[in-house]
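K.L.:
Sequence first, predicted coordinates after that:
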Amino acid sequence: MIILKYQMVGRLADLKHGGDMFQDLKKLIVDLSSIQVIWDTEAKTRRNEADRMYATGVSDGFKHAAVALESIIRKYST
């Protein structure tokens with residue numbers, strides 16, 4: 001875990017220069033947003049309340065992940 005943390009800190013410096021990690025994170029945010037839209041649609045089409053709640057939870061999870069990555073980009077790219 002500690003090694004991963006140090007690797008991330010080193011790579012986060014790459015964000016300031018618009019490097020590969022920056023581009024990868026932007027692509028990941030787009031992918032997460034696309035998946036979130038799919039699950040949001042799925043939540044609206046489910047008939048069973050439990051299925052709707054599950055799909056809504058999955059959709060919210062992808063939305064929160066995208067927001068978290070956007071905040072990391074903002075924090076380290078300035």
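P.N.:
Received it, and whenever you're ready, just let me know what you need. Residues are numbered from 1 along each chain as shown.
K.L.:
The longest helix belonging to the chain packs against which elements?
P.N.:
Using DSSP state H to define each element, the chain has its longest helix at helix 49-77. In terms of contacts (3 or more C-beta pairs under 8 Å, 6 or more residues apart in numbering; DSSP states H and E), helix 49-77 is packed against helix 20-45. (Each C-beta comes from the backbone N, C-alpha and C, glycine too.)
K.L.:
quick check: angle from the helix it packs on to helix 49-77?
P.N.:
Counting by axes from the mean of the first three to the mean of the last three C-alpha atoms, to 10 degrees, helix 20-45 points 160 degrees away from the direction of helix 49-77.
K.L.:
Can you give me the buried ones in helix 20-45?
P.N.:
By neighbour count on 16 or more other C-beta atoms under 10 Å, the buried set for helix 20-45 is 21-22, 25, 29, 32, 35-36, 39-40, 42-43.
K.L.:
want to throw those into a markdown table with distance to Gly61 and pLDDT?
P.N.:
Output for the buried residues of helix 20-45, formatted as a markdown table (distance: C-beta to C-beta, whole Å; pLDDT from 0 to 100):
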| residue | distance to Gly61 | pLDDT |
| --- | --- | --- |
| Met21 | 23 | 78 |
| Phe22 | 23 | 80 |
| Leu25 | 18 | 86 |
| Ile29 | 14 | 93 |
| Leu32 | 9 | 94 |
| Ile35 | 10 | 95 |
| Gln36 | 8 | 96 |
| Trp39 | 8 | 95 |
| Asp40 | 11 | 95 |
| Glu42 | 13 | 95 |
| Ala43 | 12 | 95 |
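K.L.:
pLDDT averaged over the longest helix of the chain - what is it?
P.N.:
Averaged over helix 49-77, pLDDT sits at 92.
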